[in-house]
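Q: A predicted structure for the sequence below; I have some questions about it.
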Amino acid sequence: MSLRITLLMLLMGLAPMIVARISAQPSMTSDTVRQTIDRLIAKHGQQHAERIRRGVEQVAQRWWTEDGDAQAFTAFCEARFITDPAALDETFNRLERVFEQMDGHLHEVRRELTTPLDLDTGEISGADQLLANLDLAAHVNEDLFRTKVAFLALLNFPVHTLQERLENGAGWDRAIWARSRMMDRFVLRVPASVQQEATETFTAADQYIANYNIRLDRLVTPEGERLFPENLRLITHWGLRDELGSHYADPSPAGLAKQRMILKVMERIVRQEIPAAVIDNAGLLWDPVNNTVKAAQGGQAASAEREPDTRYQRLLDVFRAVRKVDPFSPTEPTFLDRRFNLERQIPEKEVEALLVSVLESQEVKDLARVIEKRLGRKLEPFDIWYSGFKSRGQYSEAELDRIVQQKYATVEAFQTGLPQVLQGLGFTPEKSRWLAERIVVDPARGAGHAMGAVRREDKAHLRTRVPRGGMDYKGYNIAIHELGHNVEQVFSLNGIDRWSLASVPNNAFTEAMAFVFQNRDLELLGLQKPSAETRQTQALATLWNTYEIGGVALVDMRVWRWMYEHPDATPAELREATLSIARDVWNRWYAPVFGVRDSDILAIYSHMIVYGLYLPDYPLGHIIAFQVADKLEEGAFGAEFERLTRQGRLTPDAWMRGAVGGPISTKALLEAAREALR
């Protein structure tokens, strides 16, 4: 997962985008605005009339009483409107340079403040916890408005709507695109106090999840048997899911028993039935089937009191934090609207239609029958994570762990090996060194993530978990995924022509590039070579992955709709609603395939608690990755990857047409899966 999104972007639902009037009543009357426009046209001429009207209106929409009276408003517009093209270019260039340095340094400060929480650097102190709540960037945009820098930009550069970009963007040059993107930051005017409160809320939710570890080595069956090896401690949901998937390489009854036990653990978590005392506690033995607890030493009974509804309280906290932005965004009045229409630039209904086209496809039904045949049994709910179509299914987890541990015993070993990994992917030796010099590998406290740079003088950070004894396969697989994010981040920042165009259209695109890397993880270990057969296998694996995460994304979307319909809900009410939604989605699109009703396993994903509607980016990323992978195979991988990612932050449609010559579509994936199923 990429952490390119800042807490403010999460708060606003606004990573890249666009036009909304602030809700605080603009203090300028229509007469004042009209008179100001007339005075500027009289001064500068009709040839500037369109720019004048738009600029003055953009300023008026965001001008509050505290900014000055009508006379101050008119005086500002008269003094700061720029007509000379050279002066306009220089103003944009100056603003862009300043924003890069300002945003970049603040990003680096924030990274330092959260380092003890994000990285495995020892015990987290009270000072660390308090410092993590400090967000200096929360006040920046308001300061830009108070100093009237924001108004200078609003007066002279247009804030484009998504519709304008879709209709006119094809004819824009890079300079127009860069100016358009620079203005995204001034769409909303949100008080710094709202932003600061959100920082604390997101940090608390992130820490809740980052420390939610399950001691699989302390799980016992109803008969008292311990199925998992000593010291197996995994984060939910990522580690539990990957551990479950690893046992498809073990065809014995023992492997199936482990999978069923992990499923029971997940069910206890989402239902908040898990005993609070067993979370990350090596001193207790837990039987998740009967939900009983006893001391590891001596076997004495211990408290089985369930965890309070903390999981759902954290989600409600995030909901209430982002909802405080709603009054400042009347044209996109909910977080859902801002996430889809402003950030993703793809309407929610279009995203849902793409997901449903996969969930309801005949190819999924046919693939399920193939999986059943391979397993030699009926499907069970946890088989949404079936990994037998992934090439790693040919190897046991122990074999893969040994290979990875020998190669990457430490974080430093992975850092040193980056140039070789990149060359193995198809980048030239020179480009591999250039990329590796701009990526820092850190030991993650949680599952791992990629944190890109903001200033071009800074470096991207790859966070991955490295247990004692060396990196295991799970950590390696995640690390290769995060490396895909990092390489995209480096190319789309350090390789971009204009800083304002840095990044990609939305998070689904960086996920797509990460999936392209992750799908080649065993190839990089020398365990397989690309072939027509592996391409067909990849089509089936991608289809099943998209089927799984597509349903998870729909649950995420529907839970947010429910919260908006029930803004005063209690954590217990949200818990029951989430479980009901998860079961409804399951019963509609999974029960007919699995033959099992009322599973709530789709609610296990930790992203729902921390990242607010991030999950739809994953199925979109799979769909985009499959289209992009076809293109990458046509030429030199490294050069083509660089070309695609250096397009920058265009609209999704424009980026895809530049990349593959067509829009986002499930057609390529379904056709490839259909061919593979034959």
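A: Perfect, thanks for sending it.
Q: Would you state the strands of the stretch 201-350 of the chain in chain order?
A: In the stretch 201-350 of the chain, the strands defined using DSSP state E, counting those that start in this stretch lie at 213-215, 233-235, 284-287, 292-295.
Q: can you list contacts of the second one?
A: By that I understand strand 233-235. For strand 233-235, contacts defined as Cβ atoms under 8 Å, 6 or more residues apart in numbering pick out 209-210, 212-217, 240, 242-243, 280, 282, 446-447. All C-beta spots, glycine's among them, are computed from the backbone N, C-alpha and C.
Q: One more: the last one?
A: Applying Cβ under 8 Å, 6+ apart, the set of residues contacting strand 292-295 from outside is 275, 277-278, 283-287, 300-304.
Q: Ile491 contacts Thr645, doesn't it?
A: One thing to correct before we go on: residue 491 is Phe, not Ile. Yes: the criterion here is Cβ atoms under 8 Å, and Phe491 meets it with Thr645 at 4.1 Å.
Q: What distance do you get for Arg338 to Ser329?
A: Distance of Arg338 to Ser329, given as Cβ to Cβ, to the nearest Å: 6 Å.
Q: neighbour-wise, which of these two wins?
A: Neighbours per residue, other Cβ atoms under 10 Å: of Arg338 and Ser329, the larger number sits with Arg338, 29 against 24.
Q: Tell me which of the contacts of strand 233-235 fall in helices.
A: Judged by DSSP state H, the contacts of strand 233-235 include 209-210, 240, 242-243 as members of helices.
Q: Which one of these is nearest to Glu112?
A: Ala210 (17.4 Å; Cβ to Cβ).
Q: tell me the contacts of the residue nearest to the closest one when sequence neighbours are not counted?
A: Excluding its sequence neighbours, the residue lying closest to Ala210 (Cβ to Cβ, 6 or more residues apart in numbering) is Gly446, at 4.1 Å. Listed by Cβ under 8 Å, 6+ apart, the contact partners of Gly446 are 118, 209-210, 235, 463, 465.
Q: And for Leu131?
A: Leu131 neighbours (Cβ under 8 Å, 6+ apart): Leu113.
Q: ok, now how distant is it from Val610?
A: Leu131 is 19 Å from Val610, where distance means Cβ to Cβ.
Q: What of Ala178?
A: With distances taken as Cβ to Cβ, Ala178 is found 32 Å from Val610.
Q: what's the answer for Pro616, then?
A: 15 Å.
Q: ok, these two, which is more surrounded?
A: Taking other Cβ under 10 Å, Pro616 and Val610 do not tie; Pro616 has more neighbours (27 against 23).
Q: nearest spatial neighbour of the more buried one, skipping sequence neighbours?
A: Ala553 (4.2 Å).
Q: Go ahead and confirm that neighbour touches His622.
A: No: Ala553 lies out of contact with His622 (Cβ under 8 Å); the separation is 10.7 Å.
Q: Give me the domain ranges for this structure.
A: The record, using automatic domain parsing to delimit domains, assigns the chain the ranges 20-158, 209-311, 314-390+529-677, 395-524.
Q: Out of these, which is closest to Ala198?
A: Ranking these by their distance to Ala198 (criterion: Cβ to Cβ) puts domain 314-390+529-677 first, at 4.3 Å.
Q: hang on, the earlier thing: which one of the domains of the chain lies closest to Glu197?
A: domain 314-390+529-677 (6.2 Å).
Q: Distance from the chain centre to the closest one, please.
A: Chain-centre distance of domain 314-390+529-677: 12 Å, with Cα atoms, centre = their mean, to the nearest Å.
Q: Make 21 the starting number, not 1.
A: All right, first residue 21 from here; so that's domain 334-410+549-697.
Q: Same question for the most far-flung residue of the chain relative to its centre, what's its three-state structure.
A: Most distant from the centre of the chain: Ala62, at 49.2 Å, with distances by Cα atoms, centre = their mean. Here Ala62 is recorded as helix under DSSP: H, G, I helix; E, B strand; the rest coil.
Q: got the buried residues for the helix or strand hosting Leu574?
A: Using DSSP states H and E, Leu574 maps to helix 552-585. The neighbour-count check on helix 552-585 (16 or more other Cβ atoms under 10 Å) flags 554, 556-580, 582-583 as buried.
Q: for stretch 332-340, same thing?
A: Buried, per 16+ other Cβ under 10 Å, within stretch 332-340: 332-339.
Q: Could you do stretch 307-327 as well?
A: With burial defined by 16+ other Cβ under 10 Å, the residues of stretch 307-327 counted as buried are 307-309, 313-314, 316, 322, 324, 327.
Q: and if you look at stretch 237-250?
A: Going by neighbour count (16+ other Cβ under 10 Å), the buried part of stretch 237-250 is 237-240, 247-248.
Q: do stretch 176-188 as well
A: Buried-residue list, stretch 176-188, by 16+ other Cβ under 10 Å: 176-182, 185.
Q: what is the mean pLDDT for that stretch?
A: The pLDDT scores in stretch 176-188 average 89.
Q: Any figure for the gap between Leu139 and Leu283?
A: Leu139 is 31 Å from Leu283, by Cβ to Cβ.
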